[in-house]
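Engineer: Could you work out the structure for the sequence below:
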Amino acid sequence: MDWHHKGAINFDGKLEDWPEFLSQTARKLGVTHILLHGDRRPYHKPAIQWAMDHSAKVFVTELGYLRPDWITIEPWGTSMMSLFPRTLDEIESICGSKTELDLTPVYPDNQWLIIYQELRWTFFNLIYTRKFPHFKTHRSQSPWIVYSGWLISKLQAKISKQYDVAQLPKDKPYYIMGLQLEGDFQLRENSPFNSVFECIEYVIQSFAANAEADSYLIFKPHPHEFRQRKIKKDIEELAGKFQIEDRIRIVKNVPISTLCKDAAGFITVNSSAGFEALSAKCPTCTVAQTIYSIKGLTFQGSIDEFWSSGIQPDQSLLKLLQIALSNSIQVRGTLYNKEGLVEAARHIGEKLYDKST
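Structural biologist: The predicted structure is shown next:
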C-alpha cells in the first residue's frame, strides 16, 4: 500500500520460506542495496544475512537519536549493530570543522498524522489477511489492546499532571528510571532482559541494596505506554518485595528533561531518552550498550556503583557527539510531518547514492 510504483513483488508465503524467496528474487534482480526500517524484525534479519553473504549493502533507518525531527540511517544496523565509533579521536574526526549544531525542531510531530498512519497500518493488515495469510507482525501486542491503552493513558494524563509534580520528593535525592515499551526491540534483542518487569526488578533490587537510605527512585513510564495499570502493579509489588515501598514513586506526565534538572541520576536500559538526561547535565547510567555509552558521558561502572558514584556528563563531549551524529548517521526529517517526511526521503536517497557510505 505504500509503494506507489509499478513492479512491486508480493511475498505471501510462510516466514520460514522467506529467506529462499528473498535469495532467488534478489539474485534475479541483481540487488545491490537493501533499505530496512529497523534491523531486528523477523523479515529483516534474513535480508541482512543475505546482503552479508552476497556483498550487497544494507542501510537501516530508525527514529533519530537527535529527536524529535531527525532520522537515523546507518549501514548494517543500529544500536548493538551500529558501526558508529566510540572513541574521542574518531568522533572529533567526524565533526571536521563544524563547531555548532542547531537542534531547534524544524518539523514538529503532527499527532493526527501519527494516529492516521497507525490506523491505516492496522486497517490494511486486517483487510489483506486472506491475501497474506502467513504474515507475522513484529509487534508483540494486539493493536486493539494498544489503542485502548493509549486512549486511557491520554485521558489520565489530562487530570494527573499536577499530582505527578506533587509526587517528587522535596529536599531529598532522587533518581529517575526511564522505562521502555514492552515490545521495544532494544529490550527484546539488545538487552539482558526479556521484559519490562525484569528490568524494573533489576533496578529496584540494586537501588534497595546500594542507594542512600534517604533517596527515592522515580519511575517514568514511556509516553506511549498502554499498560499503565500493570506497570503500576508491578512496581508496587517489587517495591514491597524489597521493602522500599515508601521510597518509590511513579511520575507519568513530567518531561524527562524537567525531572532530570534536580535528579541525582538517570537510569535507562538503552533508550535514546538518555540524550535528554545528558543534555540536562544529569549523571546517566545505561544498563546495556548504547551509541552514547562513552567514557566522559555516561557512567562506565555497574549500576550497583552508580548510586554513589555517578559522574556529571561532559557537555563539550556531548556537543561533539551530536555534531558527529549529524555529520554521519542522522538526517533531518521525520515520519510524522508531511514536509519532514519528504525531507527525510530526500536525505536518505542521497545517502544511498553516496559512494563513500
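
Engineer: rest of the way, CA atoms for contacts and neighbours
Structural biologist: Noted.

Engineer: Tabulate the CA atom coordinates of the helix or strand containing residue 176 in PDB.
Structural biologist: Per DSSP states H and E, residue 176 falls inside strand 174-178. Taking Å, rounded to 0.1, in the frame of the first residue of the first chain, the C-alpha atoms of strand 174-178 are listed here in PDB:
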ATOM      1  CA  TYR A 174      16.100  11.100  43.800                       C
ATOM      2  CA  TYR A 175      16.900   9.000  40.700                       C
ATOM      3  CA  ILE A 176      14.900   8.700  37.500                       C
ATOM      4  CA  MET A 177      14.300   5.300  35.800                       C
ATOM      5  CA  GLY A 178      13.100   5.800  32.200                       C
END
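
Engineer: tell me the average confidence for it?
Structural biologist: What strand 174-178 shows for mean pLDDT is 96.

Engineer: repeat for stretch 270-289
Structural biologist: 94.

Engineer: residues in contact with that stretch?
Structural biologist: 65-66, 79-80, 178, 180, 186-187, 190-192, 256-257, 260-261, 263-269, 290, 292-293, 297-300, 302-303, 306, 310-313, 315, 318 (Cα atoms under 8 Å, 6 or more residues apart in numbering).

Engineer: Tell me both backbone torsions, phi and psi, for residue 328.
Structural biologist: phi -130, psi -70 (degrees, to the nearest 10).

Engineer: Okay, strands next: where are they in the stretch 151-300 of the chain?
Structural biologist: 174-178, 216-220, 248-250, 265-268, 284-286 (DSSP state E, counting those that start in this stretch).

Engineer: Residue 228 versus residue 306, what's the distance?
Structural biologist: 28 Å (Cα to Cα, to the nearest Å).

Engineer: who has more neighbours, the two?
Structural biologist: More crowded of residue 306 and residue 228, by other Cα atoms under 10 Å: residue 306, with 22 against 18.

Engineer: The more buried one belongs to a strand, doesn't it?
Structural biologist: No: assignment of residue 306 by DSSP: H, G, I helix; E, B strand; the rest coil gives helix, placing it outside any strand.

Engineer: so who does it touch?
Structural biologist: By Cα under 8 Å, 6+ apart, the contact set of residue 306 is 285, 299.

Engineer: Next one: it from residue 281, what distance?
Structural biologist: Residue 306 is 15 Å from residue 281, by Cα to Cα.

Engineer: Give the residue spans of this protein that score low on pLDDT.
Structural biologist: 140, 145-146, 148-150, 152-166, 356-357 (pLDDT under 70).

Engineer: which stretches of it form helices?
Structural biologist: With DSSP state H as the criterion, the chain has helices at 18-29, 44-53, 88-95, 111-127, 143-167, 185-188, 196-210, 228-241, 256-260, 274-279, 303-309, 315-328, 338-352.

Engineer: Need those in CSV (columns: distance to residue 12).
Structural biologist: Formatted as CSV, those follow (distance: least, Cα to Cα, whole Å):
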stretch, distance to residue 12
helix 18-29, 9
helix 44-53, 16
helix 88-95, 43
helix 111-127, 13
helix 143-167, 22
helix 185-188, 24
helix 196-210, 33
helix 228-241, 36
helix 256-260, 43
helix 274-279, 40
helix 303-309, 46
helix 315-328, 36
helix 338-352, 27
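
Engineer: which one of the ones you listed lies closest to residue 249?
Structural biologist: helix 143-167 (6.6 Å; Cα to Cα).

Engineer: ok so, going back, what's the angle from the strand holding residue 176 to helix 196-210?
Structural biologist: 160 degrees (axes from the mean of the first three to the mean of the last three Cα atoms, to 10 degrees).

Engineer: gap between strand 174-178 and the chain center?
Structural biologist: 17 Å (Cα atoms, centre = their mean, to the nearest Å).

Engineer: Please name every helix or strand in contact with that strand.
Structural biologist: Here strand 174-178 touches strand 216-220, helix 256-260, strand 265-268, going by 3 or more Cα pairs under 8 Å, 6 or more residues apart in numbering; DSSP states H and E.

Engineer: Now distance to residue 132 and mean neighbour count too, for these, in JSON lines please.
Structural biologist: Formatted as JSON lines, the helices and strands packed on strand 174-178 follow (distance: least, Cα to Cα, whole Å; neighbours: other Cα atoms under 10 Å):
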{"stretch": "strand 216-220", "distance to residue 132": "39", "mean neighbour count": "23"}
{"stretch": "helix 256-260", "distance to residue 132": "41", "mean neighbour count": "19"}
{"stretch": "strand 265-268", "distance to residue 132": "38", "mean neighbour count": "26"}
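
Engineer: What residues does residue 65 make contact with?
Structural biologist: Contact analysis of residue 65 by Cα under 8 Å, 6+ apart lists 71-72, 272, 275, 330.

Engineer: Residue 207 versus that one, what's the distance?
Structural biologist: Separation of residue 65 from residue 207 (Cα to Cα): 28 Å.

Engineer: From what I see, residue 71 and residue 38 are in contact.
Structural biologist: No: the pair residue 71 / residue 38 is not scored as a contact, 11.7 Å apart, by Cα atoms under 8 Å.
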